[in-house]
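Visitor: Got a predicted structure plus its sequence, pasted below:
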Amino acid sequence: MFVNHIETMKKISFRNDVLPLKNPLFRLALRITLSREEAEDIVQDTLIKVWNKRFEWDNIDSIEAYSLRICRNISLDKLKMKENNNRSLDAEPTEMLLTTPNPQEKTIENDKVRVVRQIINSLPEKQKSCLQLRDFEGKQYKEIAEILDITEEQVKVNIFRARQTVKIKYQKIDEYGL
């Protein structure tokens, strides 16, 4: 019976389980730091920290949640060191999911995306992180709770508040202008 338990234990492989997380780690770091270069450095730091803990991997329930938590913590630490002197995501190219037929409509769509990004960037950190992980990364509430080290109920509350804030601020701007 003991032998069966050992055989069913999942062995975590850096190549197969950790390296494929580079893109989600990068997106999370980019969303927090708003800097492509900083996000790339954070991903490298995260991968090194995860590798250095390789002898403890058997005790980790989810290597993905563990890696994302490390990435988030490193990102937040770097933000604190820079005293929140952030650049805006507007410096990054905007990828539009829908193509618009004429330049005027495209400009309007780009402006809407810019406004929503500004609103999201102004959210409190927990709300922004919850929203990022749920709506942009597609994580489940349980995974988000593990990554951020909060309860699932707190995750739901933060997502609800973030969405409400974005909706209300966007409507106000849309109706009355900046």
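Guide: Noted; the coordinates are in hand. Numbers count the residues shown, from 1 in each chain.
Visitor: For the rest of this, base every contact and every neighbour count on C-alpha atoms.
Guide: Will do.
Visitor: So which other helices or strands are in contact with the helix or strand hosting residue 48?
Guide: Per DSSP states H and E: residue 48 is located in helix 36-52. If contacts are counted by 3 or more C-alpha pairs under 8 Å, 6 or more residues apart in numbering; DSSP states H and E, helix 36-52 sits against helix 22-33, helix 63-81.
Visitor: Let me see the contact set for residue 67.
Guide: Applying C-alpha atoms under 8 Å, 6 or more residues apart in numbering to residue 67 gives the contacts 18, 25, 46-47, 50.
Visitor: Reformat the residues you listed as CSV; add neighbour count and distance to residue 76.
Guide: Formatted as CSV, those follow (neighbours: other C-alpha atoms under 10 Å; distance: C-alpha to C-alpha, whole Å):
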residue, neighbour count, distance to residue 76
18, 16, 21
25, 27, 13
46, 24, 13
47, 21, 16
50, 20, 17
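Visitor: pLDDT of the helix holding residue 48, averaged?
Guide: What helix 36-52 shows for mean pLDDT is 91.
Visitor: same check, this time on stretch 72-91
Guide: 66.
Visitor: Pick the one among the contacts of residue 67 closest to residue 68.
Guide: residue 25 (6.1 Å; C-alpha to C-alpha).
Visitor: contacting residues around the nearest residue to residue 140 once chain neighbours are set aside?
Guide: Sequence neighbours aside, residue 134 is the residue nearest to residue 140 in space, at 6.6 Å (criterion: C-alpha to C-alpha, 6 or more residues apart in numbering). If you count contacts by C-alpha under 8 Å, 6+ apart, residue 134 has them with 140-141, 144, 159.
Visitor: ok, 10 Å please
Guide: 128, 140-141, 143-144, 155-156, 159 (C-alpha atoms under 10 Å, 6 or more residues apart in numbering).
Visitor: Over to residue 149?
Guide: Going by C-alpha under 10 Å, 6+ apart, residue 149 touches 65, 69, 143, 155.
Visitor: same thing but at 7 Å, please
Guide: Listed by C-alpha atoms under 7 Å, 6 or more residues apart in numbering, residue 149 has no contact partners.
Visitor: related to what we said a few turns ago, assign a three-state SS to the residue nearest to residue 140, would you?
Guide: Here residue 134 takes the helix state, with states given by DSSP: H, G, I helix; E, B strand; the rest coil.
Visitor: rewinding a little: now the angle between helix 22-33 and the helix holding residue 48, please.
Guide: Relative orientation of helix 36-52 and helix 22-33, computed by axes from the mean of the first three to the mean of the last three C-alpha atoms, to 10 degrees: 130 degrees.
Visitor: longest helix of this structure?
Guide: In the chain, with assignment by DSSP state H, the single longest helix is helix 152-176.
Visitor: May I see the buried residues of that one?
Guide: Buried residues in helix 152-176, counted by 16 or more other C-alpha atoms under 10 Å: 152, 154-156, 158-159, 162-163, 165-166, 170.
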